[in-house]
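# Predicted coordinates and the sequence they were generated for:
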Amino acid sequence: MADEVALDLEELRQLQSIAKRPRILSLLSSEIGNLEKSSKDASSGTTSKSSTPIPVPAKVPATPAINYVTLGSFSWDQDGDKVKIYVSLEGVDEEKVESSFKPTSFDIKFHDVQGKNYRYAVPKLNKEIVPEKSKMVVKPNRVIITLIKASKGNWLDLHHKEDKLKPNMEKDRDPMAGIMDLMKNMYEEGDEDMKRTIAKAWTDARSGKTADPMKGFR
């Protein structure tokens, strides 16, 4: 191998001595330099097999936990088979929203809203919904969440509260519990007008318009 390199060098030097064009001279000089380097490496034994680098597993950076600001300010109403929730939030990018609807809950995450991440979720709804038909619409200054009821009837509240209308037989029973039970029975057994009246009375009582939930239909 060394002899071949030496012969190549000799011939290239001869060509260099008779070449006149600058480009040819440059190419010859470059090739001569490469061969001279190869010759030196061969003589010193450094041109043997190149060592194969051992792959080092790349460190995968840990994904930082996302901090969310819980949205607590909202309003809602219902119309037939729909429950609509209105959340005031500006600067929402619909492509950066992650929503999940389930039969008795929903969870919506708003990412990168003016530098913050927000979350609005109801872990247990008043009644069941149809997840595949429920949706969320982003407006310039608010978000509208539409829940499709799985069954007919008005919701007295957005959240499910197991003991809200549950009878209590204890002696120290809250006086309001009897009124709640009465309203529940009247609602379940009444006609549509009665149901609307009870729903309105309860909504007014919950919002603070009246302290007595029975006042709305006396």
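Happy to help now that I have it. Predicted model only: the values in this text are computed from it and were never measured. Numbering: from 1, shown residues only.
# Give me the neighbour count for the closest residue to Val69 other than its chain neighbours.
Nearest non-adjacent residue to Val69, counting by C-beta to C-beta, 6 or more residues apart in numbering: Tyr118, 5.0 Å away. From N, CA and C alone the C-beta is placed, and that goes for glycine too. For Tyr118, the neighbour count with other C-beta atoms under 10 Å is 20.
# Can you pull the domain assignment for this structure?
2-44, 69-148, 175-217 (automatic domain parsing).
# Tell me the helix or strand right after the lengthiest helix in the chain.
Assignment by DSSP state H gives helix 22-44 as the longest helix of the chain. Per DSSP states H and E, helix 22-44 leads on to strand 69-70 as the next helix or strand towards the C-terminus.
# So what touches that following strand?
Strand 69-70 has contacts (C-beta atoms under 8 Å, 6 or more residues apart in numbering) with Lys116, Asn117, Tyr118, Arg119, Tyr120.
# Among those residues, which are located in strands?
Using DSSP state E, the subset of those located in strands is Lys116, Asn117, Tyr118, Arg119, Tyr120.
# Can you add pLDDT and distance to Met194 and give these back as TSV?
Converted to TSV, the ones in strands among the contacts of strand 69-70 look like this (pLDDT from 0 to 100; distance: C-beta to C-beta, whole Å):
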residue	pLDDT	distance to Met194
Lys116	92	45
Asn117	94	45
Tyr118	94	39
Arg119	93	38
Tyr120	93	33
